[in-house]
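Undergrad: sequence plus the predicted model coming up.
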2 protein chains.
Amino acid sequence: MFREGEHAENVFEVTSGTIRVFKLLPDGRRQIIGFVEAGDFLGLSFNDTYLYTAEAVTTAAVRRFPRRRMETLIDENPIIRRRLLAVTANELLTAQEQMVLLGRKTAKEKLCTFLLSLSRKAARRGLCDTRVSMPMGRADIADYLGLTIETVSRTITCLKTAGLIRLLDGHKIELTDLDTIAEMAEAA
Amino acid sequence: MFREGEHAENVFEVTSGTIRVFKLLPDGRRQIIGFVEAGDFLGLSFNDTYLYTAEAVTTAAVRRFPRRRMETLIDENPIIRRRLLAVTANELLTAQEQMVLLGRKTAKEKLCTFLLSLSRKAARRGLCDTRVSMPMGRADIADYLGLTIETVSRTITCLKTAGLIRLLDGHKIELTDLDTIAEMAEAA
DNA sequence: CGGGGGGTTGATAACCTTCAAATGGGGTGG
DNA sequence: CCACCCCATTTGAAGGTTATCAACCCCCCG
């Protein structure tokens, strides 16, 4: 969709699918900032260039808005303005929680936090919160949680063995014991 | 100053000193979100409760604004509004860069990134960018970088031995080789 | 049937943490 | 003014969690 550093000409609204948003270090290490889904906005950088790269995880549909028009809209329409502030504030909150995760949580806690957030996201859209879709691959999860593919795989196996989750077909996962997962998300 | 979860009644502007902003896990692990200095704002949560705890690192002075008044001000004054958006966007950028640091950098890279950011902050306020003040203790640095006190101390010793920095009196530090520090901030 | 990508599993090692003790500097009280 | 104590920092040794390297499996697709 767009790359970090590119001139930011558009703002996007995702209408379906999942997008991954990430930053790269010069040697190729990648940190995924977040996964963006239907209803979320993308590229609200308040800046001339994009601050990160965005790529589709699944096939996805987006609506494109010229940035200029968006800005006048924001200045003129107090409702949109408030919504923008709310969205941004929420992003900030999410970012701060992710910092706690990256800086202070163990691999198991990271995975459980991630699963819990998938469940919450699903619930917010009125979907089942115990059978959620997990369209991104192990590499994406690893780069989101600050782990390696192998550690993600091992930890998932561990949770599976513990009877907390079950892997289903079609990139779906069943959260058998959401309460325990929630507990394990914050403390061993 | 205030604690995470408290009812957010005020917004603060720091006029002098350094404040640490952090979140806690139930078992006491701490992640410092950032250090706030003179000129920065604090508690712009767009939310009814504070999202983090703020404590003084050094003796500090702040100006307090009732949140309600702040909000009407924002709605009525387009200049303040733009500034608020800019500040928030900048916070978001910082947060995202911190995620890269926490998730994907080594201890040495983390320390160098931290020192570099101190230098940049100092430069922005017109101060010398090679002799900067570092008022926070090792514990604060550790909780900011997702490390332990000991690792921070060892890594600092290592940088000192390598001739990149010198510790001075009064919580000051000299960055002898800013270029090398900048290189080491992103790749070993 | 062969190839390839994603995922899992295993063995080993590195980095960082943990636990422990020593060092040093600043402030207080004698 | 000096001794002592407290706390922050440094240093040391051992251990653990996670990374790295490597092999293997599985399924889909050509």
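TA: It's in.
Undergrad: is any part of stretch A:95-103 close to DNA strand D?
TA: No. On the criterion C-beta under 7 Å from any atom of the strand, stretch A:95-103 is out of touch with DNA strand D, staying 10.5 Å away. C-beta coordinates here come from the backbone N, C-alpha and C atoms, glycine included.
Undergrad: what's the spacing between that stretch and its chain's center?
TA: With C-alpha atoms, centre = their mean, to the nearest Å as the basis, stretch A:95-103 stands 13 Å off its chain's centre.
Undergrad: list the buried residues for that stretch?
TA: Within stretch A:95-103, the residues that count as buried by 16 or more other C-beta atoms under 10 Å in any protein chain shown are A:95-103.
Undergrad: how does chain A divide up, domain by domain?
TA: Under the assignment automatic domain parsing, the domains of chain A span A:10-101, A:106-184.
Undergrad: so does the first one get close to DNA strand C?
TA: I take that to be domain A:10-101. No. Residues of domain A:10-101 are not located near DNA strand C by C-beta under 7 Å from any atom of the strand, the shortest gap being 10.8 Å.
Undergrad: would you mind giving the domains of chain A as a markdown table with mean pLDDT added?
TA: Shown next, in a markdown table, are the domains of chain A (pLDDT from 0 to 100):
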| stretch | mean pLDDT |
| --- | --- |
| domain A:10-101 | 91 |
| domain A:106-184 | 96 |
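Undergrad: now render the ones you listed as TSV, adding distance to B:Met136.
TA: Output for the domains of chain A, formatted as TSV (distance: least, C-beta to C-beta, whole Å):
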stretch	distance to B:Met136
domain A:10-101	17
domain A:106-184	23
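Undergrad: next to chain B, which bits of chain A? Give me the list.
TA: Within chain A, the positions lying close to chain B (C-beta under 8 Å from any C-beta of the partner chain) are A:23, A:25-27, A:29-31, A:33, A:45-47, A:51-52, A:75, A:78, A:81, A:84-86, A:88-89, A:91-93, A:95-100, A:102-105, A:143, A:145-146, A:186-187.
Undergrad: filter those to the buried ones?
TA: Buried subset of those (neighbour count, 16+ other C-beta under 10 Å): A:23, A:25, A:29-31, A:33, A:45-46, A:51-52, A:81, A:84-85, A:88-89, A:91-93, A:95-100, A:102-105, A:143, A:145-146, A:186.
Undergrad: out of those residues, which sit inside strands?
TA: Among these, DSSP state E puts A:23, A:30-31, A:33 in strands.
Undergrad: list just the nearest of the residues you listed to DNA strand C.
TA: DNA strand C lies nearest to A:Arg30 out of these, by C-beta to the nearest atom of the strand, at 14.0 Å.
Undergrad: so what's the closest residue to the closest one other than its chain neighbours up against?
TA: Nearest residue to A:Arg30, sequence neighbours excluded (C-beta to C-beta, 6 or more residues apart in numbering or on different chains): A:Asp143, at 4.6 Å. Neighbour list for A:Asp143: A:22, A:30-32, B:103-104 [criterion: C-beta atoms under 8 Å, 6 or more residues apart in numbering or on different chains].
Undergrad: please list the residues of chain A that sit near DNA strand D.
TA: A:106-108, A:146-148, A:150-151.
Undergrad: now distance to B:Ala162 too, for those, in TSV please.
TA: Formatted as TSV, the residues of chain A next to DNA strand D follow (distance: C-beta to C-beta, whole Å):
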residue	distance to B:Ala162
A:Thr106	31
A:Ala107	31
A:Lys108	36
A:Gly146	26
A:Leu147	29
A:Thr148	28
A:Glu150	32
A:Thr151	31
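Undergrad: and the next helix or strand past the longest helix seen in chain A?
TA: Assignment by DSSP state H gives helix A:78-104 as the longest helix of chain A. Remark: after helix A:78-104, the chain's next helix or strand is helix A:107-124, criterion DSSP states H and E.
Undergrad: same for that next one, what does it pack against?
TA: Judged by 3 or more C-beta pairs under 8 Å, 6 or more residues apart in numbering or on different chains; DSSP states H and E, the packing partners of helix A:107-124 are helix A:78-104, strand A:131-133, helix A:138-145, helix A:149-161, strand A:172-175, helix A:178-184.
Undergrad: try it again with 7 Å
TA: strand A:131-133, helix A:138-145, helix A:149-161, helix A:178-184 (3 or more C-beta pairs under 7 Å, 6 or more residues apart in numbering or on different chains; DSSP states H and E).
Undergrad: for the most centrally placed residue in chain A, helix, strand, or coil?
TA: The residue lying closest to the centre of chain A (C-alpha atoms, centre = their mean) is A:Phe35, at 2.5 Å. Following DSSP: H, G, I helix; E, B strand; the rest coil, A:Phe35 is assigned to strand.
Undergrad: mind checking how far A:Ile156 is from DNA strand D?
TA: 13 Å (C-beta to the nearest atom of the strand, to the nearest Å).
Undergrad: ok, A:Asp140 next?
TA: The gap separating A:Asp140 from DNA strand D is 14 Å, by C-beta to the nearest atom of the strand.
Undergrad: residues in contact with that residue?
TA: A:20, A:32, A:57 (C-beta atoms under 7 Å, 6 or more residues apart in numbering or on different chains).
Undergrad: farthest out from the centre of chain A, which residue is that? Tell me.
TA: Seen from the C-alpha centroid of chain A, the residue lying at the greatest distance (C-alpha atoms, centre = their mean) is A:Glu76, 30.3 Å away.
Undergrad: circling back to that earlier point, and the residue nearest to A:Arg30, how far from DNA strand C?
TA: 11 Å.
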